[in-house]
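**Q** Test case, fold it:
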Amino acid sequence: MARGRGRGGPIRGGGGVMRAPYKPKPTYVPRHPFDFILCEPAFPRVKPAPNEDAFTQALMKRNADLSPTPQEQAAVLSLVTKIQNAFDNLIVAPGNFDSCQVDESRQVGSFKKGTMISGHNVADIVVILKTLPTKECVGALGNRIIEDLKNAGAKEALALITNDRGFEISNTDATVRVLVTTVHQNLRKLDPEIHLDFRVVQSHLAAIRHSRWFEESAHHSSVKVLIRLLRDLRNRFEGFEPLTPWMLDLLAHSSIMNNPSRQALPINVAFRRVLQLLASGLFLPGSSGITDPCEGGNLRVHTSLTLEQQDTVCLTAQILVRILAHGGYKHILEGNSRLVTDTSVFNGVVVSPLDKAYEKPLDSKDGEGEEMDADNGGDEAMETVEN
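**A** This is a model prediction of the structure:
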């Protein structure tokens, strides 16, 4: 009697092992954390929003205290203009200068964006070379600019300091950091023994893209105010130090402009929203975070942070949200990291410090996981730019 045949061939003996049906690996889909501003239509208020005029006034006063004085702005603008003119003249008429060839120079950073903080009178200029950026040509270029400034009639004492990013020219009132890079077709020709570091050069090109995007998309005055407040928060709270200036720019822009009405939110609502988003896990693994508008491939800006840094940012924001919820905004605007590490009382409510959720594995060197991206548009190298 013939054996029965099933689909796929004859049935073998009864001793075979049945295989479990193939289950494809579920697709990884990053999620956006809960955001009350985006979900507000689904959660109508049962009572009017509380009056936050005092909070708004405190934020604006803090911004006024952080804003540079007219004298500081004039001092930085004067030095920037002189150096920019020197580069323009060098491009048009290099004369006997053959150490390198300058293609163009562009202003970037906080002074260009209008987010400079008082007491930090520093401006940034990116210089793009047609030639490869050797370490020797950086010093020669700096000396040439100093010479041209003196020939143009500069009377103040100028100091030149070279570093691994370019050079700095400063007087008694201001400093201009000249960040050296090269045209795109030269990037793969860089030799670390001879030229500037690849990541540094790449980050300077990214700074130009960031500046251009900011000028086109984030020029609203409220965005600039919030950036200044967030930079001040980062300077005072150690847990926010991993956040780069570019992350703060995108955080401020998204918190103010990303809402159903597409109109700028009030500064008090946007400031609270930043802390709530960070506290709810905007910059944690599995979150969609914020996509970098200047990089391809839907790159999320927070993936350049280590897992430990992501946890620290979230923990710090969670404590500040609790303090803010109980009326402690003055302490947030004027306090420091002790608010995060010490137990505090606000209006009879005890706010105690939180424990870290992430523990660094013993066999891990840097705490980085699958979420890490080692080439995130030069964010690590951008740490010193605009700080």
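
**Q** Any stretches of the stretch 251-387 of the chain with poor pLDDT?
**A** Residues of the stretch 251-387 of the chain meeting the criterion pLDDT under 70: 363-387.

**Q** Show me the strands in it, by range?
**A** Taking DSSP state E, counting those that start in this stretch, the strands of the stretch 251-387 of the chain run over residues 344-346, 349-351.

**Q** Which neighbouring elements make contact with the helix ranked longest in the chain?
**A** Longest among the helix segments of the chain by residue count, using DSSP state H, is helix 70-92. Judged by 3 or more Cβ pairs under 8 Å, 6 or more residues apart in numbering; DSSP states H and E, the packing partners of helix 70-92 are strand 102-108, strand 122-129, helix 135-151, strand 166-170, strand 175-182. Glycine gets a C-beta too; all of them are placed from N, C-alpha and C.

**Q** Tell me what angle it forms with strand 175-182.
**A** Per axes from the mean of the first three to the mean of the last three Cα atoms, to 10 degrees, the angle that helix 70-92 makes with strand 175-182 is 30 degrees.

**Q** For helix 70-92, which outside residues touch it?
**A** The contact list for helix 70-92 (Cβ atoms under 8 Å, 6 or more residues apart in numbering) reads 68, 97, 102-105, 107, 111, 116, 118-119, 121-123, 125, 127, 144-145, 148-149, 152, 154, 169-171, 173-176, 178.

**Q** Mark which of these are buried, thanks.
**A** By neighbour count, with 16 or more other Cβ atoms under 10 Å, the contacts of helix 70-92 hold 68, 97, 102, 105, 107, 111, 116, 121-123, 125, 127, 144-145, 148-149, 154, 169-171, 174-176, 178 as buried.

**Q** who's Gly166 bridged to?
**A** With DSSP bridges as the criterion, Gly166 is bridged to Leu179.

**Q** Adding mean neighbour count and distance to Tyr358, write the strands of the stretch 251-387 of the chain out as JSON lines.
**A** Output for the strands of the stretch 251-387 of the chain, formatted as JSON lines (neighbours: other Cβ atoms under 10 Å; distance: least, Cβ to Cβ, whole Å):
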{"stretch": "strand 344-346", "mean neighbour count": "15", "distance to Tyr358": "24"}
{"stretch": "strand 349-351", "mean neighbour count": "14", "distance to Tyr358": "22"}
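
**Q** how about a markdown table for these, with distance to Pro293 added?
**A** Shown next, in a markdown table, are those (distance: least, Cβ to Cβ, whole Å):
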| stretch | distance to Pro293 |
| --- | --- |
| strand 344-346 | 38 |
| strand 349-351 | 36 |
